[in-house]
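3D model of this:
(chains A and B)
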There are 2 protein chains.
Amino acid sequence: MESPALGSAAADTAVDVEAAVNAMGDRARAASRVLARANRAWKDRALRAIGAALKANEAQVLAANAKDLEAGRANGTSTALLDRLALTPARIDGLVDALETLAGLPDPVGNVVRGQTLPNGLRVRQVNVPMGVVAAIYEARPNVTVDIAGLALKSGNAVILRGGSAAAHTNAALLDILRDTLDSVGLPADAVQSVDAYGREGANALMKARGRVDVLIPRGGRELIQNVVLNSTVPVIETGEGNVHIFIDASADEDMAVEILVNAKTQRPSVCNTVETVLMHRDSTVLPAVARALAARGVRLHVDGRTMAALPDGVSAEPATEYDWATEYMDLEIAVATVDSLDDALAHIRRWTTGHTEAIITNDLANAERFIAEIDSAAVMVNASTRFTDGGELGLGAEVGISTQKLHARGPMGLSELTTTKWIVQGEGQVRG
Amino acid sequence: MESPALGSAAADTAVDVEAAVNAMGDRARAASRVLARANRAWKDRALRAIGAALKANEAQVLAANAKDLEAGRANGTSTALLDRLALTPARIDGLVDALETLAGLPDPVGNVVRGQTLPNGLRVRQVNVPMGVVAAIYEARPNVTVDIAGLALKSGNAVILRGGSAAAHTNAALLDILRDTLDSVGLPADAVQSVDAYGREGANALMKARGRVDVLIPRGGRELIQNVVLNSTVPVIETGEGNVHIFIDASADEDMAVEILVNAKTQRPSVCNTVETVLMHRDSTVLPAVARALAARGVRLHVDGRTMAALPDGVSAEPATEYDWATEYMDLEIAVATVDSLDDALAHIRRWTTGHTEAIITNDLANAERFIAEIDSAAVMVNASTRFTDGGELGLGAEVGISTQKLHARGPMGLSELTTTKWIVQGEGQVRG
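Numbering: from 1, shown residues only, chains lettered A, B, ... in the order given. Presented below is the predicted three-dimensional model:
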């Protein structure tokens, strides 16, 4: 099955996009049945073959990427976005390494979640099985195409992709390699498909394909994710937004506070687990050291009145507004508020959190326990950098994304979050009394 | 906080229903924080107090129920629906017993899902915590009001209810008892609220309260569930529809086939785990015995041509159409098709299943294994009645419903399916390298 031609020709003609996407879903379902029964060795062989094919076809991928980059520059795309869009031999090596890592992970399929023999002799067990058909809608980062396809394959799922149109040539080249390689190892090419040729209408049809698509994962900025969440009838896993807080309690150690804050803000400011707001207990004395350390690393401070008054000489800051409490800067900026108590810190966090990660720096056991119990976020930390909210760091192996919703998966999602379960009941004629 | 007055007066006035429901969600969120930290003993005390209050106020509940029944009879409501709507002292005793059972179950909150000490010394664990605010939209079965409120309470969640308008007086009486009792044991009354006073608009606002409501569970017929699934932006768990199949393989034992079929069809025909279609292998010889046994119990048969030709004397049947393959009769009716092979049985099931439960009756190991592997349903059974797809039967204790979707919960849902998880990370200053 050829992937549809590039461009919006399909949408311009009388082709019914919804019917085409539904047919794609049906082919994905058929492919998923083969994938679901493929054993780990087979799937790992496919992952390694995809890695080898990416290297073998590197020139072709880079040529396609050059077209996207050229079009992007002609459209005035920002340097930051062009950087996300760009592939290089080193970045392709990174994708190949990630596929190799994935091949080395245990198979999430077939794991027995629980089981027992019932009093009537029935043997029951609940086992992990693939979801079936997963879909991803994401922005112009072509690495996501390979990343999601690999995760879906390892977890025994077929996948339907919708990448950003700015990466259309690159994604089409990658899709060809993925499909050809699956075919070459005896797995169905339709395990990886794309609706990119149908443009926005394709994305809309994908969001409405309930029953054909089992779960939809949006990856990208707030606008993309909210659009998917509000318009999809397919179950969605909301990922990513992190308005992350660190509360520095009265008993916080100064060196620890400085080290954690610098790490949580500056180690990689553009990701979702970076800290965005610091809440400083009024009795803490660490503000001058923390403020100096952040300023020395180029972090712009947005602070409330009490914090402003307590800043050390030589550190400047802007007055914070509600905008700052609400904002996920994802940059070298941070908001700082002084609070009177743990209760006030909890209230601030409850008002502004996105439920991703919050941390307390303290030496007070009761306060640590209250923080753990009362913060309702995917990850709660005591005396550690918020940057640890990450599938790799927490020992999940690969990471599908970081869920900020409560249904199905919360926090870093690993391969097992791409599976569901099946009850298997075996007897010898048992009936219900 | 008083529950809103009955009737549609609110919707007739300038009251902004959406704002009112959102405010209700905010009160539920505040109440959920108290519930989340209530220990098991406290919650169990509340459950038992609710049971005692139901008995103490039985006359008041039955009087309210009599009003609903009278209105139902005046509206020409069917006897079956009136029966679902009716409460009796015996049914109230049943609710009290269920609350007592619930109090006897382990607390799902605080269970450690997994945990380890990382190489850098961080102690990480993932624990079950309450969802927060759950909502339920259901039809005119007032027992669901108490049932869902009890399950939510035990799992540490606040709940917002939307019952059928036909049960409005009964539900209002039950709500008063629930709220007063929570208050009497020191738990927030706002842990149980209802949007019933806002009619359909209230239900619509509830479906759009994403962020305020963490999960929405519809309970009722197909139309209600599809309406919720298609219109809700709150994550939904789809429950209940069961077009259940049993495949009788060539090697099936006759006595076992008869016993399982009679149990799966007639023990309680109106529920979702009852069998609706039998697929008979053409080489099986059990059809006459199965058909006679079902007919003797008043089951109407809808059969394909080959089955019709093979029916024994004295057993009549109607010709089956696609309607019969698609239908969840929930009554003493069954569809029967003769198939040439396991493959044909799998194909039929794939086309018509709702993904609830399917069973094979066989003595062929390879066929049993293929059936288990290739059927993509919440429960797959070998030589057992499909009636076992039930939270109580499978050892889950209480049952919230039976999920037919793949996200979060699949098959019978117990108390732990009303929880989510939280990652807790504890260190002594660790930062990411």
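
could you check the pLDDT of residue A:221?
As predicted, residue A:221 sits at a pLDDT of 83.

ignore the last one, residue A:199
90.

for the helix or strand it falls within, name the packing helices and strands.
Per DSSP states H and E, residue A:199 falls inside helix A:199-207. Packed against helix A:199-207 by the contact rule (3 or more C-beta pairs under 8 Å, 6 or more residues apart in numbering or on different chains; DSSP states H and E) you find helix A:9-12, helix A:17-37, strand A:133-138, strand A:158-162, helix A:222-231. C-beta here means a position set from N, CA and C on the backbone, and glycine is covered the same way.

pick out the shakiest of the ones you listed, pLDDT-wise.
helix A:9-12 (a mean of 48).

how about the helices and strands packed on helix A:199-207, which one is nearest residue A:215?
Using C-beta to C-beta as the measure, strand A:133-138 is the one of the helices and strands packed on helix A:199-207 that comes nearest residue A:215, at 5.3 Å.

residue A:235 touches residue B:233, doesn't it?
No - using C-beta atoms under 8 Å, residue A:235 is not in contact with residue B:233, being 11.9 Å away.

the two - which one has more neighbours?
residue A:235 (22 against 17; other C-beta atoms under 10 Å in any protein chain shown).

OK, contacts around that one?
Listed by C-beta atoms under 8 Å, 6 or more residues apart in numbering or on different chains, the contact set of residue A:235 reads A:210, A:214-216, A:407-408, B:235-236, B:405-407.

how about residue A:319?
A:302-305, A:308.

now swap in residue A:381 and tell me
Per C-beta under 8 Å, 6+ apart, neighbours of residue A:381: A:357-360, A:388-389, B:424-427.

mind redoing it with 6 Å?
Residue A:381 makes contact with A:359, B:425, according to C-beta atoms under 6 Å, 6 or more residues apart in numbering or on different chains.

so it sits in a helix?
No - if the criterion is DSSP: H, G, I helix; E, B strand; the rest coil, then residue A:381 is strand and not within a helix.

so what pairs up with it in the strands?
Beta-bridge partners for residue A:381, by DSSP bridges, are residue A:359, residue B:425.

circling back: switch the helices and strands packed on helix A:199-207 over to CSV; also include distance to chain B and mean neighbour count.
What follows is these, written out as CSV (distance: least, C-beta to the nearest C-beta, whole Å; neighbours: other C-beta atoms under 10 Å in any protein chain shown):
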stretch, distance to chain B, mean neighbour count
helix A:9-12, 24, 14
helix A:17-37, 6, 20
strand A:133-138, 10, 27
strand A:158-162, 12, 28
helix A:222-231, 5, 16
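
can you lay out these as CSV showing distance to residue B:174?
Formatted as CSV, the helices and strands packed on helix A:199-207 follow (distance: least, C-beta to C-beta, whole Å):
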stretch, distance to residue B:174
helix A:9-12, 53
helix A:17-37, 43
strand A:133-138, 41
strand A:158-162, 45
helix A:222-231, 34
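
what's the closest of the ones you listed to residue B:79?
helix A:17-37 (41.4 Å).

got the contact list for residue A:73?
Going by C-beta under 6 Å, 6+ apart, the list of residues near residue A:73 is empty.

so how far is chain B from it?
34 Å (C-beta to the nearest C-beta, to the nearest Å).

helix or strand: which one has that residue?
helix A:58-74.

helix or strand next in line after that helix, which one?
Next along from helix A:58-74, by DSSP H and E: helix A:79-85.

what's that following helix packed up against?
Counting contacts by 3 or more C-beta pairs under 6 Å, 6 or more residues apart in numbering or on different chains; DSSP states H and E, helix A:79-85 is packed against helix A:58-74.

residue numbers of the stretch 1-150 of chain A in contact with chain B?
By C-beta under 6 Å from any C-beta of the partner chain, the part of the stretch 1-150 of chain A that sits against chain B consists of A:37, A:122, A:124, A:131.

can you tell me which of those has the most neighbours?
For the residues of the stretch 1-150 of chain A next to chain B, neighbours tallied by other C-beta under 10 Å; top is residue A:131, 26 neighbours.

which ones are touching that residue?
A:157, A:214-215, A:420, B:406 are the contacts of residue A:131 under C-beta under 6 Å, 6+ apart.

for residue A:318, give me phi and psi.
Main-chain dihedrals, residue A:318, degrees, to the nearest 10: phi -100, psi 150.

what's the distance between the nearest residue to it once chain neighbours are set aside and residue A:249?
Of all residues not flanking residue A:318 in the chain, residue A:302 sits nearest, at 5.2 Å (C-beta to C-beta, 6 or more residues apart in numbering or on different chains). Distance of residue A:302 to residue A:249, computed by C-beta to C-beta, to the nearest Å: 22 Å.

residue A:71 and residue A:82, how far apart?
11 Å.

kindly report the same for residue A:409.
If you go by C-beta to C-beta, the gap between residue A:409 and residue A:82 works out to 32 Å.

which of the two has more residues huddled nearby?
residue A:409 (26 against 15).

double-check that that one belongs to a helix.
No - under three-state DSSP, residue A:409 falls outside any helix and is assigned coil.

got the contact list for it?
Contacts of residue A:409 by C-beta under 6 Å, 6+ apart are A:237, A:403, A:417.

what's the burial count for residue A:164?
The burial count for residue A:164: 22, using other C-beta under 10 Å.

contacting residues around it?
A:139-140 are the contacts of residue A:164 under C-beta under 6 Å, 6+ apart.

mind checking pLDDT for residue A:4?
Value for residue A:4, per-residue pLDDT: 46.

and what of residue A:190?
So, for residue A:190, pLDDT stands at 98.
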